[in-house]
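>>> A structural model of the following input is requested.
(chains A and B)
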Amino acid sequence: MADIAVHDPVSDGHGAHDDHGAHHTSTGLSNNKMAMWMFLGSECLLFGGLISTYMLYRGRHPADLGPDQVFDIPFTSVSSFVLLMSSLTMVLAVSSAAQKDDRRTNLWLTVTALLGATFVGGQVYEFTSFYREGLGFTSSLFSSSFFTLTGFHGVHVTVGIIMLMALVGINKRGRIPGDKAEVVELVGLYWHFVDVVWIIIFTLVYLIPS
Amino acid sequence: MSTTADHVEHADHDHGDHGDHAPEAHAHEHKPDSYYVKIALILAAITALETSTYWVDFGAFFLPTLLILMAIKFVMVASLFMHLRGDSKIFSYLFYSGLILAIGVYVAFLATFRFFAST
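Residues are numbered from 1 along each chain as shown, chains lettered A, B, ... in the order given. Now for the predicted structure:
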């Protein structure tokens, strides 16, 4: 016998929250958010493997095609700055979503996606210029590990851009299910993670010479 | 089929036994945009300082400076932009346990290949 007092988290527009803002889960926390943090924790192992492999092989290259010869530090610094600023616009989107301001949420999400696209564009330019200098994927152990590491990161940024634009599209149609602010926050967590991974790559790969 | 009694029982279980987590679920209070802009400016300044090591000779402080600045940026983004500082401790444990496991595994991996001996 269904009772009229039963709380329906979907139909009441508050997602899986009760009146006190807590979640109806065994921990009182959002399962989605818990899963995202677990995923990000596991991603540390993926990027840890790629970074340490690069560190191991960064000295294995011909004399004229090593990191010190091909890296353009000023250019990469600008790219890093762009990605860092995309973290700012992302947190502003999360803040706007928490205030239920859809217009500003969509604006900041779009700006974040554009900054991410600028970063990926810079990476494509960098890869192209390296290739023209003779540094292909199979040229040396250095180049293989470098392209694999930064390529994996670039794919993560690209996936993030797709998620951001999809979120903007769904939000404009008003079809985000459950707690809208939490959905934006989850995408934000992924985006910030991509940024912190680049913080490590920028220092260990680009700034510390081989 | 749910009843009111069922609902009350589940609610007591969910927020009674584990009620210490419930207030943390949305604990990170709303901060003004200027707060995040200030953090971003600090992060940009640190990035500029990092980049300056390319032109300025820091001598023996070069490597420690870069590693410390990298760690500061990492913790700032994770704590303030990802709201780990104001959120449930469980999220911090999940993320940092993965990070510490990764550091441990790959330091051991690099040590096996005598990476630290050759540098």
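>>> going forward, measure contacts between C-alpha atoms and count neighbours the same way
Noted.
>>> Low-confidence bits of chain B, can you list those?
B:1-29, B:118-119 (pLDDT under 70).
>>> what about the residue in chain A that chain B sits nearest to, which helix or strand?
Closest residue of chain A to chain B, Cα to the nearest Cα: residue A:41 (4.2 Å). Using DSSP states H and E, residue A:41 sits within helix A:31-57.
>>> now for that helix, which elements pack on it?
With contacts defined as 3 or more Cα pairs under 8 Å, 6 or more residues apart in numbering or on different chains; DSSP states H and E, the packing partners of helix A:31-57 are helix A:141-172, helix A:180-201, helix B:89-112.
>>> same thing but at 7 Å, please
Contacts defined by 3 or more Cα pairs under 7 Å, 6 or more residues apart in numbering or on different chains; DSSP states H and E place helix A:31-57 against helix A:141-172, helix B:89-112.
>>> That one: which residues count as buried?
A:33-34, A:36-38, A:40-45, A:47-57 (16 or more other Cα atoms under 10 Å in any protein chain shown).
>>> One more: stretch B:40-50?
B:40, B:43-44, B:46-47, B:50.
>>> So what touches that stretch?
A:81, A:85, A:88, B:66, B:69, B:73 (Cα atoms under 7 Å, 6 or more residues apart in numbering or on different chains).
>>> can you redo the residues you listed as JSON lines with secondary structure and distance to residue B:117?
JSON lines is the format used below for those (DSSP: H, G, I helix; E, B strand; the rest coil; distance: Cα to Cα, whole Å):
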{"residue": "A:81", "secondary structure": "helix", "distance to residue B:117": "34"}
{"residue": "A:85", "secondary structure": "helix", "distance to residue B:117": "38"}
{"residue": "A:88", "secondary structure": "helix", "distance to residue B:117": "40"}
{"residue": "B:66", "secondary structure": "helix", "distance to residue B:117": "20"}
{"residue": "B:69", "secondary structure": "helix", "distance to residue B:117": "24"}
{"residue": "B:73", "secondary structure": "helix", "distance to residue B:117": "28"}
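>>> hang on, the earlier thing: could you identify which of the helices and strands packed on helix A:31-57 is most buried?
helix A:141-172 (a mean of 19; mean count of other Cα atoms under 10 Å in any protein chain shown).
>>> coming back round to it: out of the helices and strands packed on helix A:31-57, nearest to residue A:181?
helix A:141-172 (10.8 Å; Cα to Cα).
>>> Domain map for chain B?
B:1-28, B:29-118 (automatic domain parsing).
>>> returning to that earlier point: what about the next helix-or-strand element following the helix holding residue A:41, distance to the chain center?
Heading C-terminal from helix A:31-57, the first helix or strand you meet, by DSSP H and E, is helix A:67-70. Computed by Cα atoms, centre = their mean, to the nearest Å, the chain-centroid distance of helix A:67-70 equals 27 Å.
>>> do helix A:67-70 and chain B meet at all?
No: contact of helix A:67-70 with chain B is not found when judged by Cα under 7 Å from any Cα of the partner chain; the minimum separation is 11.1 Å.
>>> Could you pull out the buried residues of that helix?
residue A:67.
>>> measure residue B:32 to chain A for me?
To chain A, residue B:32 is 8 Å away according to Cα to the nearest Cα, to the nearest Å.
>>> Show me the shaky parts of chain A.
Looking along chain A with the criterion set at pLDDT under 70, you get A:1-23, A:210.
>>> Quick one: name the residues of it near chain B.
A:1-3, A:5-6, A:21-22, A:24-29, A:34, A:37-38, A:40-42, A:44-45, A:48-49, A:52, A:56, A:77, A:81, A:85, A:88, A:91-92, A:189, A:192, A:196, A:199-200, A:203, A:207.
>>> Need the three-state assignment for residue A:136.
Classification of residue A:136 using DSSP: H, G, I helix; E, B strand; the rest coil returns coil.
>>> List the contacts of the residue lying closest to it once chain neighbours are set aside.
Excluding its sequence neighbours, the residue lying closest to residue A:136 (Cα to Cα, 6 or more residues apart in numbering or on different chains) is residue A:143, at 6.7 Å. Residue A:143 makes contact with A:135-137, according to Cα under 7 Å, 6+ apart.
>>> which among those residues end up buried?
Buried among those by 16+ other Cα under 10 Å: A:135, A:137.
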